[in-house]
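>>> make a model of this:
(chains A and B)
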Amino acid sequence: MKTTVIGAYPKIGDDLASQELRRALHRHDREEIDDAELETVFDAQTRIAIGEIESAGIDVTNDGQVRWDDLLAPVARTWSGVERGPLERFYDNNTYFRQPVIKGPIATDGQTFVRDYTFARGVAKAQLKAAVPGPLTFATLAQDEFYRSIEDRVLAVADATAREIRGLNDAGARMVDIEDPAVVASARHIELAREAYGRLADAAHALALVTYFFPPDAVLESLASFPVAAIAIDVRSRDTTAFERLDALRTKYVLLGVVDARNTRLETAEEVARYAERALKLVPEDHLKLAPTTSLEYLPRDIARAKLSALVEGARLVTGEKVPA
Amino acid sequence: MSEILPTTTVGSFGKPDYLTKARAQHARGKLGATELEELERKATAEWIRRQEDIGLDVLVDGEMYRGDMVAFFAERLEGFKIGGLVRSYGNRYYHKPIIAGKIRRTEPLTVKWFQYAQSLTSKPVKGMLTGPYTMLDWSYNEAYPTRRDAVLALAEFVRDEARDLEAAGARYIQIDEPAIHARPEEIGIAIEAMGIVTSGLHAKTISHICYGDFAAIYPQVLDLPVDQLDLAMANYGYRWLDLFDRNPFTKELAIGIVDVHAHATETVEEAAEGIRKGLRYVPAERLWPHPDCGLKTRTVEECVEKCVAVVEATKIVRKELAKVPA
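Numbers count the residues shown, from 1 in each chain, chains lettered A, B, ... in the order given. Prediction:
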């Protein structure tokens, strides 16, 4: 049973030694260090994040999204036509994001994520995947002063996202997570989302539509017809009927969010295994991967580490593998 | 309160540099609790005097002794553990509390500060509490089987605190619920819990709500059993007011007329226009101008500027109203 992570890894830990990035950002704000010095710290933290994820035994890692202030920040910073606006609450979290404000036609050179991906490739020993913010999430959370309808906005964002995915593809990324919680949070836009994903599909590699915070219940059957290879669902944040209906996704890989990345209560390996076994009744084993429900950044770093260990131990219990001491 | 358009603030003010430094020293074990409290009292007294000088009508203690509005209580209640650092945005982190056992209050937590602040002024000072729904939503719940169970347990603590504040003379008690729209489907739980808190109180009760999708809980939020809702409006370009066209607003409204997350302060005229917008929906006797939110992320000088804008804008609109024949 394979395991993976989703989204951002905690950027700092609780002991002073692991708060290098926090200090560097403060010093950068006060102009005590320059951009190059800050970048060095970002890179060092990326190594640490990847190292911690790998040493937990996770099969498919990402770069920890150390430079991402929030899900939308990387593209809000680089896309033309977009500015960063006021702070807003990010869904049902006590975590805030800068709301992108669309001022003109969105355009990108598709290079937003390439540098970080390339760096992470030089660091990661495990399989590495990239990630981009989902078009529906960006389009529904942004303030729009330019496009005339949500349809125009979503499709324009999808085109820019497709360009980013192609850029990643050219840099060697074979797997890309599209983190799009709005697909389950704003289920009324599901048809529009499907049309948007049609624009991403020509990028010829394994895309995963990653949902979280909300159960996929209202859209589960629709998700099967999205042109992506994998669907990630969160089965812990709220009650869900997904376990009884997972055969709807039989043509997809399923990334099952079984370890709650938004609560410190630690799952046991047995608990993780039980979730996996419920899913295995309807999903073949080679189509199932276990994951945290969302970014581990909603947890303190020591808890995040413990959650990853529980995830890996649970996955090994399912397949009867021995956990190395 | 004789004036129409009574002015107030949401609760917190920026801490003076000497206090910020002292808190950091205290956290590192280099300054004792007594010495820190002395400085907190000094800063509180300064803020009471500033509020009087500015001409605000209903004052607050400024929360010089609090860091985070949930952690302050969590650190002092049985059942809570203080968790590790998590990021709230940008480069800002906080210790997110963990509900690890049954919640119990061993002594009143805010009464002493209320009494001290009230002893420094003849103007009314608000008693300031964090609501049970927000306390749950901003903590990890490891102990209670459901979110509702945890919220209702917290409500009993907040109720005891509110009753103690009232007994100590508080005529205004504010129970903030900024997380109330985090999960709109749970608004019923927040309302049920607030019922436990405010039942039997004679003080005017207020709840501050900010940073979220207010439209998702309106008009249900009118059932929240408090006298006054205190809403961020300037940051949202007053768009929530449009909701009142369809479902009239039935409570007192404390209306945010200056944005607290910008360094620059709105002009007095911009702030006055905010009040005029509010007056289209709520009469002057029930409309309370104030800043959008707590001012703790601003410097002392910025806080003063923003409060002055509120008071000066209010004076302008009061004059305009006085000219209109009844």
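>>> test my guess that A:Ser80 contacts A:Ala107.
Yes - A:Ser80 lies in contact with A:Ala107 (C-beta atoms under 8 Å); the separation is 4.8 Å. Any C-beta I mention is one placed from the backbone N, CA and C, and that applies to glycine too.
>>> quick check: residues of the stretch 101-250 of chain B near chain A?
Applying C-beta under 8 Å from any C-beta of the partner chain, we find that the stretch 101-250 of chain B lies next to chain A at B:137-138, B:140-142, B:179, B:182-183, B:211-212, B:235.
>>> now chain B against chain A: closest residue?
Distance from chain A to each residue of chain B (C-beta to the nearest C-beta) is smallest for B:Gly84, at 2.5 Å.
>>> confirm that residue sits in a helix?
No - according to DSSP: H, G, I helix; E, B strand; the rest coil, B:Gly84 belongs to no helix; its state is strand.
>>> pull the contacting residues for it.
B:Gly84 makes contact with A:13-14, A:299-303, B:95-96, according to C-beta atoms under 8 Å, 6 or more residues apart in numbering or on different chains.
>>> pull the most distant pair out of the residues you listed.
Farthest-apart pair in the contacts of B:Gly84 is A:Gly13 and B:Lys96; separation 14.2 Å (C-beta to C-beta).
>>> where exactly do the helices run in the stretch 51-200 of chain A?
Applying DSSP state H, counting those that start in this stretch to the stretch 51-200 of chain A gives helices spanning A:73-78, A:114-123, A:135-141, A:150-170, A:182-185, A:190-200.
>>> so which of these comes closest to chain B?
In terms of C-beta to the nearest C-beta, the element of the helices of the stretch 51-200 of chain A nearest to chain B is helix A:73-78, at 9.3 Å.
>>> the closest one vs chain B: in contact?
No - shown here: helix A:73-78 not in contact with chain B (C-beta under 8 Å from any C-beta), separated by at least 9.3 Å.
>>> so what touches that helix?
Contacts for helix A:73-78 (C-beta under 8 Å, 6+ apart): A:67-68, A:82-84, A:97-98, A:100, A:108, A:111-113, A:132-133, A:138, A:160-161, A:164.
>>> that one - what's its average pLDDT?
Helix A:73-78 comes out with an average pLDDT of 98.
>>> with stretch A:103-110 instead?
98.
>>> what lies in contact with it?
Contacts for stretch A:103-110 (C-beta under 8 Å, 6+ apart): A:75, A:78-83, A:145-146, A:156-157, A:159-160, A:163-164, A:166-167.
>>> for the lengthiest helix in chain B, buried residues please.
Taking DSSP state H as the criterion, chain B has its longest helix at helix B:300-323. For helix B:300-323, a neighbour-count test (16 or more other C-beta atoms under 10 Å in any protein chain shown) marks B:300, B:302-314, B:316-318, B:321 as buried.
>>> find the closest residue to chain B in the stretch 101-250 of chain A.
Per C-beta to the nearest C-beta, A:Arg238 is where the stretch 101-250 of chain A lies closest to chain B, at 8.6 Å.
>>> check contacts around that residue.
Residues in contact with A:Arg238, defined by C-beta under 8 Å, 6+ apart, are A:214-215.
>>> what stretches of the chain score poorly on pLDDT?
I'll assume chain A. A:202-204, A:322-325 (pLDDT under 70).
>>> should've been chain B
In the predicted model, chain B carries pLDDT under 70 at residues B:1-2, B:325-326.
>>> and if we set it to 90?
Under the criterion pLDDT under 90, the flagged ranges of chain B are B:1-3, B:27, B:67-68, B:210-213, B:235-237, B:259-266, B:297, B:323-326.
>>> quick one: end-to-end distance for stretch B:224-242.
By C-alpha to C-alpha, to the nearest Å, the extent of stretch B:224-242 from end to end equals 20 Å.
>>> just give me how far it sits from the chain centre.
Offset of stretch B:224-242 from its chain centre (C-alpha atoms, centre = their mean, to the nearest Å): 13 Å.
>>> list the buried residues in it.
Of the residues in stretch B:224-242, those buried (16+ other C-beta under 10 Å) are B:224-236, B:238, B:240-241.
>>> coming back round to it: mind listing which of the residues of the stretch 101-250 of chain B next to chain A are in helices?
Judged by DSSP H, these include B:Asp137 as members of helices.
>>> all strands of the stretch 201-326 of chain B, in order?
B:204-209, B:228-231, B:252-256, B:287-290 (DSSP state E, counting those that start in this stretch).
>>> any idea how far B:Pro178 is from the residue of the stretch 51-200 of chain A at minimum distance from chain B?
The nearest approach of the stretch 51-200 of chain A to chain B comes at A:Tyr96, 3.8 Å away (C-beta to the nearest C-beta). Distance, A:Tyr96 to B:Pro178, by C-beta to C-beta, to the nearest Å: 11 Å.
>>> ditto for B:Thr106
On the measure of C-beta to C-beta, B:Thr106 and B:Pro178 end up 26 Å apart.
>>> ok, for A:Thr211, nearest residue in space, not its chain neighbours?
A:Val184 (4.4 Å; C-beta to C-beta, 6 or more residues apart in numbering or on different chains).
>>> how many other residues sit next to that neighbour?
The number of residues packed near A:Val184 is 26, by other C-beta atoms under 10 Å in any protein chain shown.
>>> more neighbours, A:Gly13 and B:Lys96?
B:Lys96 (24 against 20).
>>> that one looks like it's in a strand, true?
Yes - the assignment for B:Lys96 is a strand, going by three-state DSSP.
>>> quick check, it in contact with B:Met135.
No - in this structure B:Lys96 lies outside contact range of B:Met135 using C-beta under 8 Å: 11.6 Å.
>>> any idea how far B:Ala313 is from the residue nearest to A:Arg174 when sequence neighbours are not counted?
Excluding its sequence neighbours, the residue lying closest to A:Arg174 (C-beta to C-beta, 6+ apart) is A:His205, at 5.0 Å. Counting by C-beta to C-beta, the separation of A:His205 from B:Ala313 is 57 Å.
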